[in-house]
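Asker: sequence first, then the predicted structure:
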Amino acid sequence: MIELQHVAMSYGGGDLLRDMSLQVAPGSFHFLTGPSGAGKTTFLKLCYAELLPSAGHLSLFGQDVRQMGRDEIARIRQRIGVVHQDCQFLDHLSLEENVALPLSVNRRTADPGELRELLAWVGLKRQAQSLPPQLSGGERQRAALARAVMMSPDVILADEPTGNLDWEMSLRLLSLLVELNRMGKTVMIATHDLNLIRQAKAQVSARVLRIANRQLHLAGADL
Ligand SMILES: Nc1ncnc2c1ncn2[C@@H]1O[C@H](COP(=O)(O)OP(=O)(O)OP(=O)(O)O)[C@@H](O)[C@H]1O
């Protein structure tokens, strides 16, 4: 589904990430951890072809990212829902419109019933007409998750989705991601929060990856 072979990534200077190999199987659950600045966001950006590797081989859904044209990348991205670290909402659009945005971008209209159901699933039915600045941090993160699953993607990539949330709200968000995984979605979460990882491991079988010294390591069971 996502496969890296000896991938390196550089923003121009030396390698930020080097010699990374990984196979992400359909339906798997991964955490990605590591110190601030280690390259977690960069790694996720590779996984949705926002960035291309500077060396090595990266394939998404069996296709080499280097061989893909712009249209193919756009098609592949529809299969990958991303929860960005800063949510990236359009502040002049309602929550409902923001969540439906991936469809409008693809010139499709959201089914009102499905949209309502999705907002109810993340507990935001009442806030459908609110503007993003009127939402709490937890509401914004849940809305970002709803937007990420709007296109029924196969993979969900979440970048520090609980970064600014209290423990109770973090658990709520985690339970939504676990539910998605139980529905068969592949999930990868970048996080600093080792307690969140421990909590998740009690619920799902998750692999924990750690970026350290520019390389990708499989963390031990002692987390
Ligand atoms: N577009 C860019 N151009 C140049 N350098 C960049 C760019 N994006 C990120 N970097 C640098 O790459 C390094 C890794 O950044 P990245 O955001 O991937 O790390 P991170 O592990 O997600 O950090 P954090 O946990 O603080 O979010 C940082 O030193 C950052 O400044």
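Answerer: Good, I have the coordinates. Just so it is clear, the model here is predicted, and its values are computed rather than measured. Residues are numbered from 1 along each chain as shown.

Asker: is L173 within a helix or a strand, and which one?
Answerer: Using DSSP states H and E, L173 maps to helix 167-182.

Asker: from start to finish, how long is stretch 66-74 in a straight line?
Answerer: 14 Å (C-alpha to C-alpha, to the nearest Å).

Asker: ugh, wrong one, stretch 183-200
Answerer: 16 Å.

Asker: just stretch 54-70 next, same as before
Answerer: With C-alpha to C-alpha as the measure, the first residue of stretch 54-70 is 18 Å from its last.

Asker: and it, what's buried?
Answerer: Using 16 or more other C-beta atoms under 10 Å as the test for burial, stretch 54-70 gives G56, L58, S59, L60, V65, M68. In this view, the C-beta of every residue, glycine as well, is placed from N, C-alpha and C.

Asker: mind checking the SS state of the residue sitting nearest the centre point of the chain?
Answerer: Nearest to the geometric centre of the chain sits L157, at 1.6 Å (C-alpha atoms, centre = their mean). Following DSSP: H, G, I helix; E, B strand; the rest coil, we place L157 in the strand state.

Asker: coming back round to it: same for the helix holding L173, what does it pack against?
Answerer: Helices and strands touching helix 167-182, by 3 or more C-beta pairs under 8 Å, 6 or more residues apart in numbering; DSSP states H and E, are helix 137-149, strand 155-159, strand 186-190, helix 194-201.

Asker: what angle do the last one and strand 186-190 make?
Answerer: Think helix 194-201. Put simply, helix 194-201 runs at 160 degrees to strand 186-190, going by axes from the mean of the first three to the mean of the last three C-alpha atoms, to 10 degrees.

Asker: how far out from the middle of the chain is the helix or strand just after helix 194-201?
Answerer: Going down the chain from helix 194-201, the next helix or strand is strand 206-212, by DSSP H and E. Centroid displacement of strand 206-212 relative to its chain, using C-alpha atoms, centre = their mean, to the nearest Å, is 15 Å.

Asker: ok, and what's touching strand 206-212?
Answerer: In this structure, residues lying in contact with strand 206-212 by C-beta atoms under 8 Å, 6 or more residues apart in numbering are 17, 22, 28-35, 38-40, 43, 197, 200-201, 216-219, 223.

Asker: strands - which of these land there?
Answerer: Among the contacts of strand 206-212, DSSP state E puts L17, L22, F29, H30, F31, L32, T33, L216, H217, L218 in strands.

Asker: identify the residue with the minimum pLDDT among those residues.
Answerer: Among these, L218 carries the weakest pLDDT, at 90.

Asker: packing partners of the lowest-mean-pLDDT helix or strand in the chain?
Answerer: Counting by mean pLDDT, DSSP states H and E, the chain has its least confident helix or strand at helix 95-105, which shows a mean of 89. When contacts are defined as 3+ C-beta pairs under 8 Å, 6+ apart, helix 95-105 sits against helix 112-121, helix 137-149.
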